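**Student:** Provide a 3D model corresponding to the input given below.
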Amino acid sequence: MKTYVPGDKSISQRVLILAALASGESRLRGLLHGGDVEATAQALRLLGVALPRIPSDGSELCITGLGSDGLKSPVQDLDLGNSGTGTRLLLGVLAGSQIEATLVGDVSLRSRPMRRVCNPLRAMGAHLEHLCEEGCIPIRVDRSGPLRSIDWMSPVPSAQVKSSILLAGLVGRTKVVVTEPRQSRDHTERLFAEIGVPTSIRNIPSGHRVELTNPPDIITPLDFSVPGDVSSAAFVLAFAALGGAGVSVTIDNVSLNRTRTGFLDVFSRMGTDLTIEKATFENTCEPRGSITARSSKLHGTEVNIREVPAVIDELPIIAVMGACSEGRTIIRGASELRLKESDRIHSLVQNLQALGVEVVEHDDGLEIEGARRPLKGQVRAFGDHRIAMAFGVLSKLEGANIEIDDPKLSDISFPGFWGTLDKLTQAA
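**Tutor:** Modelled structure (predicted):
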């Protein structure tokens, strides 16, 4: 059976921001109509951008940008809700914009670390004030002088940190260099290339380096279609691999960006029968295509620290697949999971134990002994959309009886998630 997933959350937020900063009209299609993206869109509206409501069907949206120096100080706080991506990217934009604004968010977002973004921005000369707890939002960005150039060594691979610095350099028109221990997601670099912003990208002995040398005065508008979110696709593919959707499922028009598809290697090691086909015609910076998964007999695997940056968002569903596989699944080097919408290591361990799965918690990961039986019990989403969806996949398998306390959290990144699983179940 063929199906689709909503637009990529990471790319949707980036193209909205770049369209707002462009000089002229951008035409965007396939935007995710979800909680995080709408929070970023509303923040841009408060900054003066005439941004229409995001279509729920992915149809075209036209945005007339204000130019890189056209944003206005908002008359109220910018509430980013649960969006860590939106918050960190906008901190970079605001740092370079010479305006005043305060960023706030929900309880979960207020607990997420912002120091890793604020430190390089402050080193560039940005004035950032933590209004409550140091290193967390709410954060006030005050007017500052011109930003200084920076050569930043990031201690961990983070696309959000890298993108925040790049956006500050773009808007503040100053040179920036970011080096990571390993390459993180490269959506910002690809979109920069799409609008003619030159970056130098290369591997060096200390890691992966991105350099923005000559930021342009004028940012070119975008004409862009957002591919389906491959992280959302992971849940559907896992459902198919676990036998929940009959023989096979094919997801069309999904992102095949190599910095996002590391989980497919893990799925394959676990025994998932996969077929990946790239689109035969592409005129976009983001590769896309189709992925087919078939019902498979799964076995445990090990995910190590070098793989983690490329699979960080898919680790919850990998852990859940491990609970239904033969043998042991080990995830280590993933302490970053504790800093997401929830402490995902704790959330996974608590819920798997509630379902009777044998699991060991580590500071940087967990070990799961496959149950190979229908699971039953009550689980908590912990305010986290990916935890809700991971256990949602389990709940829809034959013989399972699992109750999730807040299933609607899936709307943050995958509106229609439950309907998609129901449709696949009925077609099985």
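
**Student:** same for the helix or strand containing residue 266, what does it pack against?
**Tutor:** In this structure, residue 266 sits in helix 262-269 according to DSSP states H and E. Applying 3 or more Cβ pairs under 8 Å, 6 or more residues apart in numbering; DSSP states H and E, one finds that helix 262-269 contacts helix 230-241, strand 273-278, helix 308-311, helix 315-323. Where you see a C-beta, it was placed from the backbone N, CA and C, and this is true even at glycine.

**Student:** so which of those gets nearest residue 185?
**Tutor:** helix 308-311 (8.2 Å; Cβ to Cβ).

**Student:** by contact count, what packs against the closest one?
**Tutor:** In terms of contacts (3+ Cβ pairs under 8 Å, 6+ apart), helix 308-311 is packed against helix 262-269.

**Student:** What average pLDDT does the helix it packs on get?
**Tutor:** Helix 262-269 carries an average pLDDT of 97.

**Student:** same deal with stretch 397-415?
**Tutor:** The pLDDT scores in stretch 397-415 average 95.

**Student:** Give me the pLDDT value at the closest residue to residue 319 other than its chain neighbours.
**Tutor:** Of all residues not flanking residue 319 in the chain, residue 348 sits nearest, at 5.0 Å (Cβ to Cβ, 6 or more residues apart in numbering). With respect to pLDDT, residue 348 has a value of 98.

**Student:** Contact partners for residue 348?
**Tutor:** 316, 319-320, 359, 366, 387, 390 (Cβ atoms under 8 Å, 6 or more residues apart in numbering).

**Student:** which residue ranges form the strands in the stretch 151-300 of the chain?
**Tutor:** Along the stretch 151-300 of the chain, the segments classed as strands by DSSP state E, counting those that start in this stretch run 176-180, 199-204, 207-212, 223-225, 248-255, 273-278, 288-294.

**Student:** related to what we said a few turns ago, just the angle between the helix holding residue 266 and strand 288-294, please?
**Tutor:** Here helix 262-269 runs at an angle of 20 degrees relative to strand 288-294 (axes from the mean of the first three to the mean of the last three Cα atoms, to 10 degrees).

**Student:** Give me the buried subset of the contacts of residue 348.
**Tutor:** Among those, those classed as buried by 16 or more other Cβ atoms under 10 Å are 316, 319-320, 359, 366, 387, 390.

**Student:** shaky segments in the stretch 201-350 of the chain?
**Tutor:** 281-283 (pLDDT under 70).

**Student:** Give me the three-state assignment for residue 341.
**Tutor:** With DSSP: H, G, I helix; E, B strand; the rest coil as the basis, residue 341 sits in coil.

**Student:** Begin at 473 from now on, thanks
**Tutor:** All set: I'll call the first residue 473, so the last point we hit is now residue 813.

**Student:** so it makes contact with residue 580?
**Tutor:** Yes - counting by Cβ atoms under 8 Å, residue 813 does reach residue 580; the two are 5.3 Å apart.

**Student:** Redo the strands of the stretch 623-772 of the chain as CSV? Include distance to residue 601.
**Tutor:** What follows is the strands of the stretch 623-772 of the chain, written out as CSV (distance: least, Cβ to Cβ, whole Å):
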stretch, distance to residue 601
strand 648-652, 22
strand 671-676, 30
strand 679-684, 26
strand 695-697, 35
strand 720-727, 37
strand 745-750, 47
strand 760-766, 41
